[in-house]
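Peer 1: give me a model of this one.
(one chain, ligands or ions: 2)
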Amino acid sequence: MGYSALDQSLVGVKGIGIQKARQFEEMGIHTVRDLLFYFPYRYVDYQVKDLATTNHGEKITVEGTIYGQPVSKRLPKKRSLVSVKVVVDHFMVTAIWFNRAYLKNQLQSGRPILLTGKWDKYRLQITVSEHEFLDTSKTTKKGHLVPVYSLPSDLGLTQSGFRKIIDQAIRQYYYALEDYLPQEVIDKYKLYTLKESIRAIHFPNDRLDGKMARRRLVYDELLLYQMRIQLLKKLNRQNWPGIKRKIEFDKVKAFIRSLPFSLTDAQLRVIGEILGDMEQSYAMNRLLQGDVGSGKTVVAAVALYANFLSGYQGALMVPTEILAEQHAASLKNLFANTTIQVELLTGSLTEKNREAVIGRLQMGLTDVVVGTHALIQEDVYFKQLGLVITDEQHRFGVEQRAILRRKSDHLSPDVLYMTATPIPRTLAITAYGDMDVSIIDQYPAGRKKVETHWVRPKQFEKVLAFIDKHVRKGRQAYVIAPLIEESDKLDVQNAIDIYQQLGDFFPNFKIGLMHGRLKPKEKDEVMSQFIKNEVQILVSTTVVEVGVNVPNATIMVIYDADRFGLAQLHQLRGRVGRGEHQSYCILVADPKSETGKERMRIMEQTNNGFEISRRDLELRGPGDFFGVKQSGLPEFKLADLMQDYRTLEVAKKDAEFLIHGEVFWHDLKWEKLRIELERVGGLFEQVLEG
Ligand code: ADP
Ligand code: MG
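Peer 2: Numbering: from 1, shown residues only. Ligands and ions are numbered 1, 2, ... in the order given. As a prediction, the model looks like this:
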């Protein structure tokens, strides 16, 4: 790795001794580089203002000259006050300080002074919070944006002390801030150099200067991040050679034409992306995002068909047995005019049936198998597994992928993950960085909007009447029980209570009960009764969330809707609106906060999952959006994924070009960036080994 003066320890900086260096260590600042890259989180604007146009009570910075002698006063409770007249422009103002008695000797008539404080327009008085004598101070704040750093309160560091150290470090190590971006990139994007940006991020001359610094540093941060991700992807591709096959596009097109509906442009686009991967020699590792009802299943079917044509078996993995049954049925339907053999493999098969299914898989008699986790059990082998698709929040760990690989001699099958959790593209390419992302951002034509209404708990009688009316007409309803945070037990109790109440209220309807404490078999039993309309109203905790399809269910009632995330509400709502009848979603909630109310209104206003997640993000910020812990989102120093999404897109393109191309790895021009990437943890050895 290249040597840089920036990697020296802090004691090299004038003004930092062993003691101070130790304090900085505690802040995670170990080297000169750490110090220079410890950025301010905001700036105080000390632009000198004009008194005449400043409002009463506003904070102001002015420049003036002391006139006459200071006066000091003792106040009750050991407090004191010093005041002095200062000429500012053509005003004579009074500057006052509290508890700064020692200043009296310094406030000599005629000295130029910079004052920051609260302006009292009626008394022509400034209550000073900060001042600087302009005849002695070296680094004047005048006309500057002054950086403010986040400093731990227990280390006894002051803002001004820290500023001085940063200032000193920049002076001493400016020369060492060698740019790792080639000049042509700097020119192309009109970026600041690294030197300029480090100087300006700490001590901007004005807003624009600071902005330019931030712009450059955000690009660097995102570029390096994306480069690491692309490197990971390159590694994956090296380590998991995939199946290079011929796609029979003519036959695939004919299959698409034979479908009972024409595909949306978005569906066609993602099919293109998927088939493109399947042709390559690396194994596909792709995330397919599409809102509920956007038509992911048929996309999966087309991929499975292409996979079949190229001589391989396919597997579709889903989280529950019910879903497996539904998917198997719809695939059989879609493949009705082909010779594809679809089979179901779930945990509830009898031993004998299971053995028969596994046997047919192994002999290659089955082309597509749909199942739950039972699919990746030890004794399940394929003759030639070429494509694995997982539906709904099924994420394989590395281990499970290894199991999958073992199931088909040496080549990794292509893997497609389908999810209905819509995440804005910027977040998706960051959170799922090593995967390729395809997005279906369009709904099939003629889809009816689910009418959504927010009601208060006291209007619940009306909700019951509404359910009554629709169930009498032959429809069905879901009722989602209130959610008690962190307590599965209480959730279940709630569901049971509501189940009993509804039972009393609707003696003529059959009510079903579903919750997480039921055994899988019991859940499936309730669910299949609901599918067959033997149960009209299904009371459930949120376990019903995942992809079931009951087109006759047209009402979704959600208790305590304000306790759910918007994405989750949207998923729940996606359970209705799947058939020919108008559907309704009723949110029962009494949110206290303005944000809570806003969230209910968002649900009323839009049915678009991407729009919802975008607005949810605005309300919550990306960390919260994913849930901080499991987010998988990196912590950036400067970059903000919402604000900087354009830069992220550019950085991603550039990173892809560099990492997957040849030039970056060999050209001298990129050497410094290679070193920088290695320094930030670029997994180099593995790539070079591969
Ligand atoms: P999801 O993306 O939620 O899994 P599905 O694949 O279950 O959505 O599709 C929802 C419904 O829309 C299904 O009944 C499916 O047959 C239908 N569908 C899918 N694509 C189209 C299309 N292009 N035009 C009309 N209907 C479609
Ligand atoms: Mg689906």
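Peer 1: from now on I want contacts and neighbour counts done on CA atoms only, so please keep to that.
Peer 2: OK.
Peer 1: just give me the neighbour total for the residue of the stretch 101-250 of the chain found nearest ligand 1.
Peer 2: Nearest residue of the stretch 101-250 of the chain to ligand 1 (CA to the nearest ligand atom) works out as residue 249 at 18.9 Å. If you count neighbours by other CA atoms under 10 Å, residue 249 ends up with 12.
Peer 1: is it true that residue 333 lies in a helix?
Peer 2: Yes. Assessed by DSSP: H, G, I helix; E, B strand; the rest coil, residue 333 belongs to a helix.
Peer 1: looking at the stretch 351-500 of the chain, what residue ends up closest to ligand 1?
Peer 2: Taking CA to the nearest ligand atom, the stretch 351-500 of the chain has residue 444 as its residue nearest ligand 1, at 4.3 Å.
Peer 1: what number of residues lie near that residue?
Peer 2: Number of residues near residue 444 (other CA under 10 Å) recorded here: 15.
Peer 1: that one reaches residue 292, doesn't it?
Peer 2: No. The criterion here is CA atoms under 8 Å, and residue 444 misses it with residue 292 at 11.2 Å.
Peer 1: list the contacts for residue 328?
Peer 2: Neighbouring residues of residue 328 by CA atoms under 8 Å, 6 or more residues apart in numbering: 342, 343, 344, 370.
Peer 1: so which of those residues belong to strands?
Peer 2: Members of the contacts of residue 328 lying in strands (criterion: DSSP state E): 342, 343, 344, 370.
Peer 1: send over the helix or strand hosting residue 526 as CSV, restricted to the C-alpha atoms.
Peer 2: Using DSSP states H and E, residue 526 sits in helix 520-531. Written as CSV, here are the backbone C-alpha positions of helix 520-531 (Å, rounded to 0.1, in the frame of the first residue of the first chain):
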residue,chain,number,x,y,z
PRO,A,520,-48.3,-24.0,10.1
LYS,A,521,-50.9,-26.6,9.4
GLU,A,522,-53.5,-24.7,11.4
LYS,A,523,-52.7,-21.5,9.5
ASP,A,524,-53.0,-23.2,6.2
GLU,A,525,-56.3,-24.8,7.3
VAL,A,526,-57.8,-21.3,8.2
MET,A,527,-56.4,-19.8,5.0
SER,A,528,-57.8,-22.4,2.7
GLN,A,529,-61.2,-22.0,4.4
PHE,A,530,-61.0,-18.3,3.6
ILE,A,531,-59.9,-19.0,0.0
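Peer 1: that one: which residues count as buried?
Peer 2: Using 16 or more other CA atoms under 10 Å as the burial criterion, the residues of helix 520-531 that qualify are 523, 524, 526, 527, 529, 530, 531.
Peer 1: now do stretch 592-612
Peer 2: Within stretch 592-612, the residues scored as buried using 16+ other CA under 10 Å are 596, 599, 600, 602, 603, 604, 606, 607, 608, 609, 610, 612.
Peer 1: before we move on, what about stretch 307-326?
Peer 2: Those would be 307-309, 311-326, for stretch 307-326 by 16+ other CA under 10 Å.
Peer 1: pull the longest helix from this protein.
Peer 2: Longest among the helix segments of the chain by residue count, using DSSP state H, is helix 207-239.
Peer 1: what packs against it?
Peer 2: Helices and strands touching helix 207-239, by 3 or more CA pairs under 8 Å, 6 or more residues apart in numbering; DSSP states H and E, are helix 194-202, helix 645-660, helix 671-679, helix 684-689.
Peer 1: export these as TSV, with columns for mean neighbour count.
Peer 2: Formatted as TSV, those follow (neighbours: other CA atoms under 10 Å):
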stretch	mean neighbour count
helix 194-202	22
helix 645-660	18
helix 671-679	17
helix 684-689	12
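Peer 1: how about JSON lines for the ones you listed, with distance to residue 537 added?
Peer 2: Shown next, in JSON lines, are those (distance: least, CA to CA, whole Å):
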{"stretch": "helix 194-202", "distance to residue 537": "60"}
{"stretch": "helix 645-660", "distance to residue 537": "44"}
{"stretch": "helix 671-679", "distance to residue 537": "57"}
{"stretch": "helix 684-689", "distance to residue 537": "56"}
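Peer 1: which residue sits closest to residue 264 in space, ignoring its chain neighbours?
Peer 2: residue 444 (6.1 Å; CA to CA, 6 or more residues apart in numbering).
Peer 1: looks like residue 373 contacts residue 317 (just checking).
Peer 2: Yes. Applying CA under 8 Å as the test, residue 373 and residue 317 come out as touching, 7.0 Å apart.
Peer 1: now do the domain split for the chain, please.
Peer 2: The chain breaks down by automatic domain parsing into domains covering 48-142, 183-239+643-690, 249-440, 451-606.
Peer 1: any chance of a markdown table for those domains, columns distance to residue 11 and mean pLDDT?
Peer 2: Formatted as a markdown table, the domains of the chain follow (distance: least, CA to CA, whole Å; pLDDT from 0 to 100):
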| stretch | distance to residue 11 | mean pLDDT |
| --- | --- | --- |
| domain 48-142 | 23 | 86 |
| domain 183-239+643-690 | 20 | 88 |
| domain 249-440 | 37 | 86 |
| domain 451-606 | 49 | 87 |
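Peer 1: just the buried residues of stretch 592-612: which are in helices?
Peer 2: Secondary structure from DSSP H places 596, 599, 600, 602, 603, 604, 609, 610, 612 of those in helices.
Peer 1: that's all I had, so thanks and see you.
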